[in-house]
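got a predicted model here, sequence first, then my questions.
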Amino acid sequence: MSGKFGAITEILPLDLRLGCRIFRLSRLRAGARRGLRPTGRPPRIQAGPAAGSHTLHRKLQKIGESDHKMSRIWNFSAGPAVLPETVLQEARENLLSLGNTGIGICEHSHRGKPFMAVAAEAESLCRELAGIPDDYAVLFLQGGASLQFSMLPQNFLTPDKTADYLITGMWSEKAVKEAKAFGRTHEACSSKDRNFSYIPDSASYSDAPVYVHFTSNNTIFGTQFRAEPTAIPAGAFLACDASSDIFSRPIDVRKYGMIYAGAQKNLGPSGVTLVIMRKDLVAAASRTPATMLQYRTHADNESMYNTPPTFGIYLMMLVFRWIKQQGGLAAMQQHNEAKARVLYDYLDSSALFRTTARPDSRSLMNVTFVTGSEERDNAFVKKAEAAGFSGLKGHRSVGGMRASIYNAFPPEGVTALVQFLKDFEAAG
Ligand SMILES: Cc1ncc(COP(=O)(O)O)c(C=O)c1O
């Protein structure tokens with residue numbers, strides 16, 4: 001996608017509520033003109049569940065999720081994860097009518113002007129926030145980060161070539177497993193010896209790898225690279241799975257050949273994957289048998305070779321706007337450091353809880369901690385859930401608890417959690 005489409009502001013009025021009101025009025029007038037509704041009443045939109053969805057509706061009601069009056073609870077889910085509330089409110093309005101178009105965001109053709117404007121703004125904000133140079137392609141794909149595990153080697157690895165992988169958790173293990181189907185792989189380092197509780201200090205690369213792949217944040221184990229791996233062999237490009245910390249801090253895109261991330265932690269809903277790739281690599285990639293699995297297909301067609309995940313791209317655009325309003329990636333980093341500090345400081349002072357990650361490798365996104373007793377951990381998670389702290393149960397491979405505090409997680413939620421932890425500890 002390039003900047004050739006009209007800016008979204010040409011199509012979406014700044015005050016969307018005003019836009020919706022105009023839309024409703026014009027529908028009324030159109031209806032009256034056609035003599036369809038002499039009373040001038042707009043057609044009723046059913047607020048309840050669609051036919052056939054009563055069982056689901058009842059279930060949701062039971063757990064409180066469809067009660068619109070209910071206030072939101074603290075969502076520590078590792079992903080899909082909390083999104084900025086203002087983004088959700090704006091999306092809610094635009095589900096019925098995107099600005100004053102009279103057509104909801106999910107109902108617009110991806111070839112139409114309104115959606116083209118959304119996609120163009122998503123790309124341009126993405127470029128602006130991360131300082132992505134022109135010689136990099138920005139792609140909105142599907143298949144999650146998991147498809148990138150195999151798409152990357154499929155495009156760049158051949159049986160006579162080697163790709164190096166830094167093994168720092170379950171996601172990098174999954175990534176290297178996929179690569180083995182296409183060529184040789186070399187594990188340049190691994191922290192498996194201590195259940196991935198740290199980021200190795202160094203790596204030992206193979207002679208001439210095509211690329212070096214690493215996972216910048218290990219969602220399950222609560223560890224994060226402080227900076228990119230260094231001393232990458234000449235000729236190799238750096239590829240990064242940044243699914244769980246993308247846009248949580250400034251990024252020097254020039255250091256990378258490729259960055260990819262499923263959206264569902266820091267960028268939007270699941271179903272859309274952001275890929276940032278050097279254009280010369282896109283051009284040099286091999287021609288895989290499947291057209292859809294070639295990066296060039298998506299780059300040549302501005303991510304619209306097939307129907308793209310339109311709602312996901314739209315929500316990503318809103319999240320990008322939100323990040324910009326917050327002050328960009330540098331501000332995100334400050335917020336994230338401040339939030340994580342509050343939690344780690346308490347955990348370090350606690351006699352009951354302890355963190356599982358080595359201090360120098362701790363993640364700002366996923367804070368993993370245990371009591372040392374599985375029974376106690378379970379009791380804590382249960383009590384926390386009942387008190388409105390959701391998603392704190394740790395991944396089974398670490399146990400204990402995990403608080404995921406991505407960009408959109410509010411600092412008040414961290415303060416509330418710390419108070420809850422203190423009270424639990426004090427209760428003995
Ligand atoms: C670091 C990381 N990589 C990859 C994945 C897999 O992503 P997806 O479900 O989008 O395929 C996840 C999911 O949680 C993740 O945290």
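On my side now, so go ahead. Numbers count the residues shown, from 1 in each chain.

and residue 74, what does it touch?
388-390, 413, 416-417 (Cβ atoms under 8 Å, 6 or more residues apart in numbering). To be clear about C-beta, it is placed using only N, CA and C from the backbone, and glycine gets the same treatment.

which pLDDT value belongs to it?
We have a pLDDT of 98 for residue 74.

which helices and strands sit right next to the helix ranked longest in the chain?
Taking DSSP state H as the criterion, the chain has its longest helix at helix 328-349. Applying 3 or more Cβ pairs under 8 Å, 6 or more residues apart in numbering; DSSP states H and E, we find helix 328-349 packed against helix 113-130, helix 310-326, strand 354-355, strand 366-370, helix 411-427.

tell me the buried residues in that helix?
Neighbour-count burial for helix 328-349, counted by 16 or more other Cβ atoms under 10 Å, picks out 328-329, 332-333, 335-336, 339-340, 343-344, 346-347.

closest one to residue 291 out of these, please.
Nearest to residue 291, judged by Cβ to Cβ, of the buried residues of helix 328-349 is residue 329 at 34.1 Å.

who's in contact with the residue lying closest to that closest one once chain neighbours are set aside?
With sequence-adjacent residues excluded and distances taken as Cβ to Cβ, 6 or more residues apart in numbering, residue 329 is closest to residue 250, at 4.4 Å. Residue 250 makes contact with 130-131, 329-330, 333, according to Cβ under 8 Å, 6+ apart.

cool, residue 401 as well?
Residues 353, 368-370, 377, 380-381, 392-394 are the ones in contact with residue 401 under the rule Cβ under 8 Å, 6+ apart.

show me what from this protein comes close to the ligand.
Residues of the chain found near the ligand (Cβ under 6 Å from any ligand atom) are 79, 144-146, 171, 215, 219, 241, 243-244, 262.

how close does the residue in the stretch 201-350 of the chain that the ligand sits nearest to sit to residue 149?
Residue nearest to the ligand within the stretch 201-350 of the chain (Cβ to the nearest ligand atom): residue 262, separated by 2.8 Å. As judged by Cβ to Cβ, to the nearest Å, residue 262 and residue 149 stand 11 Å apart.

equivalent analysis for residue 160, please.
Remark: distance between residue 160 and residue 149 (Cβ to Cβ) = 21 Å.

who has more neighbours, those two?
Neighbours per residue (other Cβ atoms under 10 Å) separate residue 160 from residue 149, with residue 149 holding more: 22 against 7.

helix, strand or coil for the more buried one?
Three-state assignment for residue 149 (DSSP: H, G, I helix; E, B strand; the rest coil): helix.

give me the pLDDT for it.
98.

same deal with the one 5 residues further on?
At residue 154, the pLDDT value in this model is 97.

isn't it right next to residue 289, touching?
No - look at residue 154 against residue 289 with Cβ atoms under 8 Å: they stay out of range, at 9.1 Å.

so for those two, which sits in the more crowded spot?
The neighbour comparison of residue 154 against residue 289 (other Cβ under 10 Å) goes to residue 154, with 22 against 7.

that one - nearest residue in space that isn't next to it in sequence?
Nearest to residue 154 is residue 288, by Cβ to Cβ, 6+ apart, at 5.0 Å.

can you pull the contacts of that neighbour?
Taking Cβ under 8 Å, 6+ apart, we find residue 288 in contact with 154-155, 294.

mind redoing it with 10 Å?
150-151, 154-155, 182, 294-297 (Cβ atoms under 10 Å, 6 or more residues apart in numbering).

which of those fall within helices?
Applying DSSP H to the contacts of residue 288, the entries found in helices are 150-151, 154-155, 295-297.

what's the most distant pair in the contacts of residue 74?
Those two in the contacts of residue 74 that are separated most widely, counting by Cβ to Cβ, are 390 and 416, at 12.2 Å.

whichever residue of the stretch 1-150 of the chain sits closest to the ligand: neighbouring residues, count only.
The minimum distance from the stretch 1-150 of the chain to the ligand, using Cβ to the nearest ligand atom, falls at residue 144 (2.6 Å). Using other Cβ under 10 Å, residue 144 has 18 other residues around it.

I figured it hits residue 264, correct?
Yes - assessed by Cβ atoms under 10 Å, residue 144 is found in contact with residue 264 at 8.2 Å.

find residues that contact each of these two.
Residues touching both residue 144 and residue 264 (Cβ under 10 Å, 6+ apart): 243, 270-273.

just the buried subset of those, please.
243, 271-273.

can you tell me the closest non-neighbouring residue to residue 285?
residue 155 (3.9 Å).

so who does the one you found touch?
So residue 155 contacts 182, 258, 277, 281-282, 284-288, 293-296 (Cβ under 10 Å, 6+ apart).

same deal with residue 321?
For residue 321, counting by Cβ under 10 Å, 6+ apart, the contacting residues are 8, 84, 86-87, 90, 121-122, 125, 129.

helices and strands of this protein: which one has the lowest mean pLDDT?
helix 16-33 (a mean of 39; mean pLDDT, DSSP states H and E).

residue ranges with poor pLDDT in the protein?
Applying pLDDT under 70 to the chain picks out residues 1-70.

show me the domain layout of it.
113-325, 328-427 (automatic domain parsing).

pick the most buried one from those domains.
Most buried of these, by mean neighbour count (mean count of other Cβ atoms under 10 Å): domain 113-325, with a mean of 20.

how far does it stretch from start to finish?
25 Å (Cα to Cα, to the nearest Å).

show me how far that domain is from its chain's centre.
12 Å (Cα atoms, centre = their mean, to the nearest Å).

residue 212 belongs to a helix?
No - according to three-state DSSP, residue 212 belongs to no helix; its state is strand.

please name the bridge partners of the residue nearest to it when sequence neighbours are not counted.
The shortest distance from residue 212 to any non-neighbouring residue, by Cβ to Cβ, 6+ apart, is to residue 164 (4.5 Å). Taking DSSP bridges as the rule, residue 164 bridges to residue 186, residue 212.

residue 164 and residue 204 touch, don't they?
Yes - counting by Cβ under 10 Å, residue 204 is a contact partner of residue 164 at 9.1 Å.

anything in contact with each of the two?
With Cβ under 10 Å, 6+ apart, residue 164 and residue 204 have common neighbours 186-189.

out of these, flag the one nearest to residue 361.
residue 189 (12.6 Å).

what helix or strand is the closest one located in?
Per DSSP states H and E, residue 189 falls inside strand 184-190.

excluding chain neighbours, what is closest to residue 200?
In this structure, residue 200 finds its nearest non-sequential neighbour in residue 189, 4.0 Å apart by Cβ to Cβ, 6+ apart.
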